[in-house]
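*Asks:* prediction below, plus the sequence it came from.
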Amino acid sequence: MPPRFGTDGIRGVANSELTPEIALALGRAAARLLPDGPFLIGRDTRLSGPLLQAALSAGLASEGREVVDLGVIPTPGVAWASAERSAPAAVISASHNPYRDNGIKLFSERGAKLSLETEAAVQEALDRFLAEGTGAVHAETVGSIHTDTEGLSCDAEAVVSVHGGGPLPPGEIVVDCANGAASSAAHLVLERLGVAHHVIFDAPDGLNINDGCGSTHPEELQAEVLRRGAFAGVALDGDADRMLAVDEEGNLVDGDHLLAIFASDMRQGGELEGDTVVVTVMSNLGLHRALGEMGLQTVETPLGDRHVADALESGGFMLGGEQSGHIIFRRHSPTGDGLLTAVKLIDVLGRAGKPLGALARGTMSRLPQVLLNVAVPDPGRLEEAEVVWAETEAVRSELEGSGRVLLRSSGTEACVRVMVEAASEQVATEMAERLAAVVRRELG
């Protein structure tokens, strides 16, 4: 069976689960089902990126499409170019996963992820092509493939333009590029912005993307901020669509704290449409309480930036995001953008005249939260696991409203994610381990 569309496109081990043959067939399916005109493709720095990009481009060109190769560029840069040029697009990336994995994300001509209906139609065509072939093709329909050398620079300029033009922070910003797609883009953005900065993990070799660095491994960034006495740090992931921050004391500032900071700032500036912030089921209870104390409402969605983006669009809201650092400013971008979020944070820090730690502590108090990933052969069995859900309800009852429990099957890994929030770290840990044990016993 070929990889299926999950929460963030098609993913798999490159050249094993996600093969050139699959990418070629996907290119043909996308060419037939997505709007006519040029088709944009970008990628991150994985060793398998050029391989899969070539196969996808060949599939598109075999159906007569003009393919525009944007090269190594952050995922949000591809989304921005897609919306700017009204052209469908694809990104070859597995985001924060190790280099062996890769994936293909498709965007509509508006720079947004495909609707579920369109995605299902593409999946159906892909399955059919792989099983039965693609049908008649014609020599005269061969398309073209060419490189756009200005895409990265144009995207950097668009990101810089979201800065309000106010004062810059009175100190250095350290940026961890995760040896990924932002390794060149971060330099362009920060130099054009004029902010004092130091960049680490910006030397990709095809194998080191997300390897002990980036938003999933911020420890070295935290240490570097302390070593340099920096004003703040910023951690991106492999395709730069998410961002976490580090304060001047080396403490991690996650997406929930960032949302609280941005919500407070945007409300004061009259930019928060409907006084509403879109969050996910994983957002910390402390964020809900902080936003409520500001007089703001929340719209809660399932996990995944697709759901956040859909809720922002349907409700006409301007700010939403995830604890993982996917933050969407709908006025500026249809998708999460790590560099854009970094520029927004730099703007807030410059105008506030306060260190990041003080801003974070002043906007939100985080409840202890424990997240365990329980490896299981078939995460889809969770839905019918009655014993697991009975134990989950028992834990919720014991917490008596002082915390939260969430179990879900992963859309990107063979595991069940168990999350527990409670008034103390000890209680959260004990409850999470208790549920994890039941999941292992029933589904392992």
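*Replies:* Right, received. Where do you want to start? Residues are numbered from 1 along each chain as shown.

*Asks:* where do the helices of the stretch 251-400 of the chain begin and end?
*Replies:* Taking DSSP state H, counting those that start in this stretch, the helices of the stretch 251-400 of the chain run over residues 255-268, 285-293, 305-315, 338-352, 356-363, 386-399.

*Asks:* do you know which of those lies nearest Gly12?
*Replies:* helix 305-315 (19.1 Å; C-beta to C-beta). C-beta coordinates here come from the backbone N, C-alpha and C atoms, glycine included.

*Asks:* tell me how far that closest one lies from the chain's centre.
*Replies:* 14 Å (C-alpha atoms, centre = their mean, to the nearest Å).

*Asks:* what comes up buried for it?
*Replies:* 305-312 (16 or more other C-beta atoms under 10 Å).

*Asks:* I'd like those written out as CSV, with pLDDT added.
*Replies:* Output for those, formatted as CSV (pLDDT from 0 to 100):
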residue, pLDDT
Asp305, 87
Arg306, 88
His307, 92
Val308, 95
Ala309, 93
Asp310, 93
Ala311, 96
Leu312, 96
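
*Asks:* out of the helices of the stretch 251-400 of the chain, flag the one nearest Val225.
*Replies:* Per C-beta to C-beta, nearest to Val225 of the helices of the stretch 251-400 of the chain: helix 356-363, 9.9 Å.

*Asks:* residues in contact with the residue nearest to Gly403 when sequence neighbours are not counted?
*Replies:* Closest residue to Gly403 apart from its sequence neighbours, by C-beta to C-beta, 6 or more residues apart in numbering: Ala422 at 3.9 Å. Listed by C-beta atoms under 8 Å, 6 or more residues apart in numbering, the contact partners of Ala422 are 367-368, 399, 402-403, 428, 431.

*Asks:* and what of Glu109?
*Replies:* Contact analysis of Glu109 by C-beta under 8 Å, 6+ apart lists 34-35, 37, 82-83, 86-88.

*Asks:* tell me the pLDDT of the residue lying closest to Glu271 once chain neighbours are set aside.
*Replies:* Closest residue in space to Glu271, ignoring its immediate chain neighbours: Met318 at 6.2 Å, by C-beta to C-beta, 6+ apart. If you check Met318, the pLDDT there is 97.

*Asks:* same question for the one 3 residues further on.
*Replies:* Note on Gly321: pLDDT of 97.

*Asks:* now for the closest residue to it other than its chain neighbours, how many residues are close by?
*Replies:* Closest residue to Gly321 apart from its sequence neighbours, by C-beta to C-beta, 6+ apart: Ile327 at 3.8 Å. Residues near Ile327, counting by other C-beta atoms under 10 Å, number 27.

*Asks:* residues touching Ile327, list them.
*Replies:* Ile327 touches 242-243, 255, 258-259, 262, 319-321, 336-337, 341, 344, counting by C-beta under 8 Å, 6+ apart.

*Asks:* and these as a markdown table, adding distance to Asp69 and neighbour count?
*Replies:* Shown next, in a markdown table, are the contacts of Ile327 (distance: C-beta to C-beta, whole Å; neighbours: other C-beta atoms under 10 Å):
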| residue | distance to Asp69 | neighbour count |
| --- | --- | --- |
| Arg242 | 24 | 29 |
| Met243 | 26 | 31 |
| Gly255 | 32 | 27 |
| Leu258 | 33 | 27 |
| Leu259 | 35 | 28 |
| Phe262 | 34 | 24 |
| Leu319 | 33 | 26 |
| Gly320 | 31 | 30 |
| Gly321 | 30 | 28 |
| Gly336 | 23 | 27 |
| Asp337 | 21 | 30 |
| Thr341 | 27 | 32 |
| Lys344 | 29 | 25 |
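
*Asks:* need phi/psi at Gly206.
*Replies:* phi 90, psi -20 (degrees, to the nearest 10).

*Asks:* quick one: it and Ile92, what's the gap?
*Replies:* 13 Å (C-beta to C-beta, to the nearest Å).

*Asks:* next, show the common contact partners of the two.
*Replies:* What both Gly206 and Ile92 touch, as defined by C-beta under 8 Å, 6+ apart, is the set 46, 49.

*Asks:* tell me which of the two has more neighbours.
*Replies:* Using other C-beta under 10 Å, the more surrounded residue of Gly206 and Ile92 is Ile92, with 31 against 13.

*Asks:* so that one sits against Leu47, correct?
*Replies:* No - in this structure Ile92 lies outside contact range of Leu47 using C-beta atoms under 8 Å: 11.5 Å.

*Asks:* can I get the contacts of Ala422 in TSV including neighbour count and distance to Ala14?
*Replies:* Compiled in TSV, these are given as follows (neighbours: other C-beta atoms under 10 Å; distance: C-beta to C-beta, whole Å):
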residue	neighbour count	distance to Ala14
Leu367	20	39
Pro368	17	38
Leu399	17	42
Ser402	13	45
Gly403	21	40
Ala428	23	37
Met431	23	38
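
*Asks:* take those and keep only those in strands.
*Replies:* Among the contacts of Ala422, no residue falls in strands (DSSP state E).

*Asks:* could you measure from Asp176 over to Asp155?
*Replies:* Taking C-beta to C-beta, one finds Asp176 at 19 Å from Asp155.

*Asks:* sorry, slip of the keys, the one I care about is Gln222.
*Replies:* 28 Å.
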